[in-house]
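>>> this one's sequence-less:
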């Protein structure tokens, strides 16, 4: 299988003692996870929050930590996929699992936060396109992480169909069919 081929990743719960593997994934992505304290916080959280691992060919390539805020909203608190596994289906599979688990808990909304577009970054441009492609809509950009790192909150109504990325993959199409 060549890099970039989409596969059917296996998604499973994080096993006891695997938190270090999640930290290794974070550290393998300095363009996305370059703040040491954030890495340490995420590392702590994988052991205390609901965490799912994506495997390709039996090897963990990414993970997602899900936080349930209240009866209405769950959040993808962190998701990281090794760069060599990007565009192979692991991210989509993890988001699908997060949606499934949020629905099981009765959540209406799933949210995710990422670097906002007011700070240009080609890596985060791809991240935002990914989330829109799997059905999230930008809600607001704010200064939650300080002025240097604007926070974009994206939400997905779990009963609605998703947005789609336009065929050129550079332009995001925000449909008007988002109301349920």
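Sure, I can see it. Predicted, not measured: the structure shown is a model, and the values here were computed from it.
>>> Please count neighbours and contacts with C-alpha atoms only from this point.
Fine.
>>> spatially speaking, which residue is in the middle of this structure?
residue 79 (4.2 Å; Cα atoms, centre = their mean).
>>> give me phi/psi at the residue nearest to residue 145 when sequence neighbours are not counted?
Nearest non-adjacent residue to residue 145, counting by Cα to Cα, 6 or more residues apart in numbering: residue 151, 6.2 Å away. For residue 151, the backbone dihedrals (degrees, to the nearest 10) come out as phi -100, psi 120.
>>> Identify the residues contacting residue 151.
113, 114, 115, 116, 141, 142, 143, 144, 145 (Cα atoms under 8 Å, 6 or more residues apart in numbering).
>>> For ChimeraX, write the selection for the buried entries among these.
Listed next is the ChimeraX selection for buried residues among the contacts of residue 151, using 16 or more other Cα atoms under 10 Å:
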select :113,114,115,116,141
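>>> low pLDDT regions in this protein?
Where the chain drops to pLDDT under 70, the residues are 1-4, 161-180.
>>> the longest helix in it is where?
With DSSP state H applied, the helix covering the greatest number of residues in the chain is identified as helix 90-104.
>>> Buried residues in that helix, which are they?
Within helix 90-104, judged by 16+ other Cα under 10 Å, the buried ones are 90, 91, 92, 93, 94, 95, 97, 98, 99, 101, 102, 103.
>>> tell me the contacts of the closest residue in space to the second one that isn't next to it in sequence?
Computed as Cα to Cα, 6+ apart, the closest residue to residue 91 that is not its neighbour in sequence is residue 81, at 6.8 Å. Shown here is residue 81, whose contacts under the criterion Cα under 8 Å, 6+ apart are 25, 61, 62, 63, 90, 91.
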